[in-house]
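**Q** Below: sequence and its predicted model.
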Amino acid sequence: MNYAPRRTYLEDAAMLLAIEKLSKSYGAKPALRELDFCLAPGVYGLIGPNGAGKTTLMNIIAGNLRPSTGQVLYNGLEVASLGRKFRKILGYMPQQQALYPDFTGERFLYYIAALRGLDKREAAGRIGWAVEQVDLAEHIRKRIGASAHCRPPMGASRKWAYRRRRSHPSE
């Protein structure tokens with residue numbers, strides 16, 4: 001099935017994610033200090049030592065944590081005010097994945113789609129499209145944490161996590 005995910009009004013304009021004067025402190029300890037940068041369409045990674053604020057920044061961008069000061073804007077709109085609409089288009093793959101070993105790949109992807117608010121029909125189309133993109137079609141009905149004799153190939157858990165990120169038209 002050749003399925004390109006349907007775009008939403010939030011994606012019609014060229015994507016611009018702006019981080020403006022973003023700071024976060026935990027008590028007296030600063031985790032982020034007045035970050036200012038913009039991201040255009042593409043794939044980005046955060047690299048730095050433990051405690052540098054990478055996870056804090058991503059949790060603020062994803063809406064899981066509120067900044068002490070500053071804001072995150074998507075095409076000029078505050079991410080905090082967009083809520084679910086922004087999370088539906090955000091592509092975020094943390095280093096440690098919360099995978100459910102008893103889930104099949106298919107069940108896991110439908111679960112993630114439901115969390116994103118997709119109806120079953122739209123989820124089916126996106127899942128089919130994305131599974132083909134990362135070459136996991138032959139493993140879709142295998143348990144993610146299956147025993148060694150029927151386990152998906154090495155790296156498949158990481159692919160499932162990547163597939164979760166690819167299941168929607170992030171930029």
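**A** Cool, the structure landed.

**Q** Name the helix or strand for residue 21, please.
**A** If you go by DSSP states H and E, residue 21 is part of strand 17-26.

**Q** Report all helices and strands that that strand contacts.
**A** strand 29-39, helix 54-61, strand 69-74 (3 or more CB pairs under 8 Å, 6 or more residues apart in numbering; DSSP states H and E). The C-beta positions use only the backbone N, C-alpha and C, and glycine is treated the same way.

**Q** Quick check: mean pLDDT of that strand?
**A** Mean pLDDT, strand 17-26: 94.

**Q** just for the protein, where's the confidence low?
**A** Low-confidence segments of the chain, defined by pLDDT under 70: 1-14, 91-99, 146-171.

**Q** mind running it again at 80?
**A** The model of the chain has pLDDT under 80 over residues 1-15, 43, 64, 83-85, 87-101, 112, 114-118, 144-171.

**Q** per-domain residue ranges of it.
**A** 9-87, 105-166 (automatic domain parsing).

**Q** among those domains, which is the most enclosed?
**A** domain 105-166 (a mean of 16; mean count of other CB atoms under 10 Å).

**Q** Helices of this protein, start to end?
**A** Secondary structure of the chain (DSSP state H): helices at 54-61, 79-82, 84-87, 105-115, 120-133, 156-166.

**Q** Now tabulate those in a markdown table and tack on distance to residue 16.
**A** A markdown table is the format used below for the helices of the chain (distance: least, CB to CB, whole Å):
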| stretch | distance to residue 16 |
| --- | --- |
| helix 54-61 | 13 |
| helix 79-82 | 12 |
| helix 84-87 | 13 |
| helix 105-115 | 26 |
| helix 120-133 | 24 |
| helix 156-166 | 20 |
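
**Q** Looking at those, which is nearest to residue 39?
**A** helix 54-61 (9.4 Å; CB to CB).

**Q** just checking, what packs against the closest one?
**A** strand 17-26, strand 29-39.

**Q** Could you dump those strands into CSV with distance to residue 89 added?
**A** As requested, the helices and strands packed on helix 54-61 are exported to CSV (distance: least, CB to CB, whole Å):
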stretch, distance to residue 89
strand 17-26, 11
strand 29-39, 13
